[in-house]
Every structure is written in structure tokens, then in C-alpha cells.
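Asker: Need a 3D model of the sequence below.
(2 chains)
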Amino acid sequence: DQQVKQNSPSLSVQEGRISILNCDYTNSMFDYFLWYKKYPAEGPTFLISISSIKDKNEDGRFTVFLNKSAKHLSLHIVPSQPGDSAVYFCAAISSGNTGKLIFGQGTTLQVKP
Amino acid sequence: NAGVMQNPRHLVRRRGQEARLRCSPMKGHSHVYWYRQLPEEGLKFMVYLQKENIIDESGMPKERFSAEFPKEGPSILRIQQVVRGDSAAYFCASSRGQETQYFGPGTRLLVL
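Answerer: Coordinates of the predicted model:
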């Protein structure tokens, strides 16, 4: 029962181009979404979040879009840099729950110089 | 301004031994979460604690696993009689309230 899905295991983009990472969810009770970045042998690092009352949140090179009707969110990174190469996890919370994060399987992003 | 600290970073145990994983939350954070990442998988929630209380343990295996967050000291995730299937990365996260969680570097447990 995978409530948060990242259907693309990997993505490769050229430096300077846009990276788009996608995430789908099934639970309509989710009301807060987060993106984490993870390097090998390290813990996830928080990147950006969005509340379900918004459809867009921007922070520097990172923008997250939320389409509630489609139960879909995406993370845009522009311009992509080689240092962005990592595994990206989408996560969701239901505030009616205890705040536990439900994670997707992750997408490995490779940014080529 | 130290982040979430976990130790040890790596832990090797033989089958049947006990594993103790420690987590010190960020300063000012009273909410602690434990997650487990099996190879080639995403992180899975295990347990959520506040000081001296277990709030949600719905992700904890029913046997051999326990967690605590005492009034003083770090949170402890304890695995008794470890088996090979317990080999994974265990991550601790903390938050000030039920909002953004910040993760530690993880403990990589290898059961021989």
C-alpha cells in the first residue's frame, strides 16, 4: 500500500537545464508535503515544503507545485547544478495523524556537467 | 547550532545480539521520530515520541523493537536478538512541533 509514489527511479539532466521530479499520492487526507534531498551515507536534508492550501511554493532555484485534484506534486530545480546530484524523496503528512512522514521511494537525479 | 545527532554511525552485530541506537534531537525540539530505510527502498516510519511518551508506534515491529525518549538524555531505539533482516539504515528526525522534521545522519546497522 504505497500512498506516496515516485514512479521515476532516476533522472539525468544537463547542467543549467531544468530538473523536474514528480510525485503522486493516493491519500486525500494528506495536507502537507515536503521534499528531501539525500546524499549517500547521509541523512535526508529538508529542501522545500508546501501546504495543501497552496499550489506553488518557491525558494531560490527550487519550486514545488501541487495539483490537489490530480494528487500530484512536482519539484522543479532550475538551473540544475552538478551538486544537485542526489536522491530526492517526496514525503507527505496528514495533520489529522500524528505527524509521521510517508515517503516515496525516491528518485536519483544526476546532473551532468 | 548542532543538528540532530545520532550514534553510532555504523554498528555491526551478530545474530541474537542487541543493538542500541541513540538520537539527540536539535536544541529546542521535543518531538523525535525514528525511520528505517531498507536497501533500495524509501524511508518507513517506525515510532514517534515526545519526552517520556510514545505517541505513535504504529510502524514498529511487534516484537524485539522498543523505543524511549527519557526526560534526560537521548532517545534510544533498541533492537533485541537482531536478525539479518534488521540490517538497514535507521534515521532519527526531530521537530519543534508537528511541522518540518530535520534528520540526523543515520545509523547503519549490519547484522552478520
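Asker: Could you list the contact residues of chain A toward chain B?
Answerer: Neighbours of chain B within chain A, by C-beta under 8 Å from any C-beta of the partner chain: A:4, A:6, A:34, A:36, A:41-46, A:49, A:89, A:91, A:93, A:95, A:97-106. From N, CA and C alone the C-beta is placed, and that goes for glycine too.
Asker: same thing but at 6 Å, please
Answerer: Taking C-beta under 6 Å from any C-beta of the partner chain as the measure of proximity, chain A contacts chain B at A:42-44, A:46, A:98-100, A:103-106.
Asker: how about the strands of the chain, start to end?
Answerer: You didn't say which chain, so I picked chain A. Taking DSSP state E, the strands of chain A run over residues A:4-5, A:10-14, A:19-25, A:32-38, A:45-51, A:56-59, A:62-67, A:72-77, A:86-93, A:102-103, A:107-112.
Asker: let's do chain B instead
Answerer: Under DSSP E, chain B gives strands at B:5-7, B:10-13, B:19-24, B:31-37, B:43-50, B:53-56, B:65-68, B:75-79, B:88-95, B:102-103, B:107-111.
Asker: okay if I get these as CSV plus distance to residue A:29, mean neighbour count and mean pLDDT?
Answerer: Formatted as CSV, the strands of chain B follow (distance: least, C-beta to C-beta, whole Å; neighbours: other C-beta atoms under 10 Å in any protein chain shown; pLDDT from 0 to 100):
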stretch, distance to residue A:29, mean neighbour count, mean pLDDT
strand B:5-7, 30, 17, 96
strand B:10-13, 36, 16, 97
strand B:19-24, 28, 20, 98
strand B:31-37, 19, 24, 96
strand B:43-50, 15, 22, 94
strand B:53-56, 15, 14, 92
strand B:65-68, 25, 18, 96
strand B:75-79, 27, 20, 97
strand B:88-95, 19, 24, 96
strand B:102-103, 24, 21, 94
strand B:107-111, 31, 18, 96
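Asker: For the strands of chain A, could you give me TSV that also reports mean pLDDT?
Answerer: Listed next are the strands of chain A as TSV, based on pLDDT from 0 to 100:
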stretch	mean pLDDT
strand A:4-5	95
strand A:10-14	97
strand A:19-25	97
strand A:32-38	95
strand A:45-51	95
strand A:56-59	97
strand A:62-67	98
strand A:72-77	98
strand A:86-93	95
strand A:102-103	94
strand A:107-112	96
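Asker: Is it possible to get JSON lines of these that adds mean neighbour count and distance to residue B:35?
Answerer: Formatted as JSON lines, those follow (neighbours: other C-beta atoms under 10 Å in any protein chain shown; distance: least, C-beta to C-beta, whole Å):
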{"stretch": "strand A:4-5", "mean neighbour count": "20", "distance to residue B:35": "13"}
{"stretch": "strand A:10-14", "mean neighbour count": "14", "distance to residue B:35": "22"}
{"stretch": "strand A:19-25", "mean neighbour count": "21", "distance to residue B:35": "18"}
{"stretch": "strand A:32-38", "mean neighbour count": "22", "distance to residue B:35": "11"}
{"stretch": "strand A:45-51", "mean neighbour count": "16", "distance to residue B:35": "14"}
{"stretch": "strand A:56-59", "mean neighbour count": "12", "distance to residue B:35": "24"}
{"stretch": "strand A:62-67", "mean neighbour count": "18", "distance to residue B:35": "21"}
{"stretch": "strand A:72-77", "mean neighbour count": "20", "distance to residue B:35": "20"}
{"stretch": "strand A:86-93", "mean neighbour count": "24", "distance to residue B:35": "10"}
{"stretch": "strand A:102-103", "mean neighbour count": "23", "distance to residue B:35": "8"}
{"stretch": "strand A:107-112", "mean neighbour count": "17", "distance to residue B:35": "18"}
